[in-house]
Structures are given as C-alpha cells and as structure tokens.
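Novice: Turn this into a structure:
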Amino acid sequence: MEKLTKYRNIIQQIVQRHAQFRPSHGQITPLAICDTQRDQYLLLDAGWDNTGRVHSVAFHAQLRDHKIHIEWDGTEYSIAQELVDAGVPKEDIVLAFYRPEMRPLTEFAAA
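Specialist: Next comes the predicted model:
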C-alpha cells in the first residue's frame, strides 16, 4: 500500500504542476482530474481558440496492478520521464499507448 500511496501522490503532483500552465493561445483552461478512488489521473484542456472548441486530453495515467499505466501523453516533456525523475522505477511504468506487442521494445514495463 505504501507504494500505491507514493505513486498516487507523485501522479497528482505532476497533474497539478501541468495544470498551472495555460496554453499561449485562445481561452483554454487546463483541468486537473485526479480520481484517487478509481486511480485515474488526467489533464484535460477545455475552452476556445481561433479554430473553435477545444476539448482534449493532454495526458491520462492510471494505477493498475501496482504499476502506472500511461494511457496517453500529449505533453512536450514525457510524463514517463517525469515519473522516473520523481523516483518511480521504469519497471513500474507501462507505456500503455503502445500496442502490447511493442511494449517489450521500450525501456519500460511491458504490462
């Protein structure tokens, strides 16, 4: 349980840190979504820019099977690298946006 609590705190800090930065264009608000009961963590951008409505997931991570699964990463600096920098071992990070058969080719966990 200690490991999961640590991972929840690290992910929440990353989400909150990213939510402090608004895009330089349009009227877009970053929304930090941290559901600790279901272990789902998202950064969502919502608002308007000159092309119209903006509603997109900047990144999505979840805790599953005692590992952090990165479901989507649309950030400039890798969320996986931020997790490693925060002390999460690579074997506890799954790049879930890759097909399962491709994950062993990464330096992170396959599942």
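Novice: Show residues contacting stretch 71-82.
Specialist: Applying C-beta atoms under 8 Å, 6 or more residues apart in numbering, the contact partners of stretch 71-82 are 14, 18, 56-62, 70, 90, 93, 95-97, 108. Backbone N, C-alpha and C define where each C-beta goes, glycine included.
Novice: Can you give me the end-to-end span of that stretch?
Specialist: 15 Å (C-alpha to C-alpha, to the nearest Å).
Novice: same question for that stretch, mean pLDDT?
Specialist: Averaging pLDDT along stretch 71-82 yields 95.
Novice: ditto for stretch 86-101
Specialist: Per-residue pLDDT values over stretch 86-101 give a mean of 98.
Novice: and that stretch, which residues are buried?
Specialist: Using 16 or more other C-beta atoms under 10 Å as the test for burial, stretch 86-101 gives 88, 92-96.
Novice: For it, C-alpha coordinates in CSV please.
Specialist: Extracted in CSV, the C-alpha atoms of stretch 86-101 (Å, rounded to 0.1, in the frame of the first residue of the first chain):
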residue,chain,number,x,y,z
ALA,A,86,10.4,11.6,-9.2
GLY,A,87,11.8,8.2,-8.3
VAL,A,88,9.4,5.7,-10.0
PRO,A,89,11.4,2.8,-11.4
LYS,A,90,11.0,2.1,-15.1
GLU,A,91,9.7,-1.4,-14.4
ASP,A,92,6.7,0.2,-12.7
ILE,A,93,5.8,2.4,-15.7
VAL,A,94,3.8,1.0,-18.6
LEU,A,95,3.6,3.0,-21.9
ALA,A,96,0.0,1.8,-22.5
PHE,A,97,-0.3,3.9,-25.6
TYR,A,98,1.9,1.4,-27.4
ARG,A,99,0.4,-1.8,-28.7
PRO,A,100,1.1,-4.6,-26.2
GLU,A,101,3.4,-6.5,-28.6
